[in-house]
Structures are given as C-alpha cells and as structure tokens.
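>>> Sequence and computational prediction follow.
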Amino acid sequence: QVQLVESGGGLVQAGDSLRLSCAASGRTFSTNAMGWFRQAPGKERELAAAISYSSGAPYYPDSVKGRFTIFRDNAKNTVYLQMNSLKPEDTAVYYCAGWAGTYYGGRPDYWGQGTQVTVSS
C-alpha cells in the first residue's frame, strides 16, 4: 500500500520560511514525478510545485516562483518543498502528490493527507 505522509506545516508570520516533507512508502518514487498541491479555503486545489524524473526544470506557478523550491532525496524516498518569504495568500492545506509516470501530467495517482500552512500578516 502506497502512502505519502507530509510533515512540516504550521503557523508562521509573513516573511518566514517553512520546509514541508513528504515521505513515501510502499513503493519507490525515485523515477516518478512528484509534486505539491495546495488548497485554500473556498478555492480549487492548485499545483504549487512539481518535479519530473527526467531532465527539465521543476514547475512553479507565477504565484510562488522565486520563493518555493521543490527537491527530492531519492535515497530517503522523500520530496521536500522549501517555502521562503511566505505571504498570507500562501495559507492553504498542502498536499503531497505522486504520479505513476515520470512526468507530472494529468491527475496524480497518489495523494498525501495534507498539512496545514497558515501565514499571518
């Protein structure tokens, strides 16, 4: 059974940093695309960052570009999201996601349970 378990969320002030972690178990994701989605209250879930297995720059929407960094440690089967210069609009539940394939296209095949990030002004 595949499990993605997030950690690292919390309450911070604007301008602070947080690092989210997503530990995978049940299968190896070293050759798979991984990503982070987020969902703010009353809004649709959106892709916040994604990284493919093959070459190519990670994906970030304009709203987080330059502030968020996604990276992976394949030896630990873990993907991280480093979030700097946090803003109140980054407040959301953050979900780790994994794809069965090497690229982050389409709906993810695996989801974590989510971790709350709250940024106060």
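Cool, the structure landed. Numbering: from 1, shown residues only.
>>> Pairing partners for the residue minimising distance to the centre of the chain in the sheet, please.
For the chain, the residue nearest the mean C-alpha position is W36 (2.3 Å; Cα atoms, centre = their mean). Per DSSP bridges, the residues bridged to W36 are A49, C96.
>>> what's the spacing between it and K43?
As judged by Cβ to Cβ, to the nearest Å, W36 and K43 stand 15 Å apart. From N, CA and C alone the C-beta is placed, and that goes for glycine too.
>>> what's the answer for F68, then?
17 Å.
>>> More neighbours: the two, which one.
Shown here are F68 and K43; by other Cβ atoms under 10 Å, F68 has more neighbours (22 against 9).
>>> was I right about that one contacting N84?
Yes: at 7.4 Å, F68 counts as touching N84 under the criterion of Cβ atoms under 8 Å.
>>> can you pull out the strands in this structure?
With DSSP state E as the criterion, the chain has strands at 3-7, 10-13, 18-25, 34-39, 46-51, 68-73, 78-83, 92-98, 110-111, 115-120.
>>> quick one, the longest one and strand 92-98 angle?
It refers to strand 18-25. With axes from the mean of the first three to the mean of the last three Cα atoms, to 10 degrees applied, the angle from strand 18-25 to strand 92-98 works out at 40 degrees.
>>> Let me know the pLDDT of the closest residue to D73 other than its chain neighbours.
If the residues on either side of it in the chain are set aside, D73 comes closest to Y80, at 7.4 Å by Cβ to Cβ, 6 or more residues apart in numbering. Confidence at Y80, expressed as pLDDT, is 97.
>>> mind checking how far V119 is from N32?
V119 is 30 Å from N32, by Cβ to Cβ.
>>> go on, S17?
Counting by Cβ to Cβ, the gap from S17 to N32 is 27 Å.
>>> the more surrounded of these two?
More neighbours surround N32 than the other of S17 and N32, with 23 against 11 (other Cβ under 10 Å).
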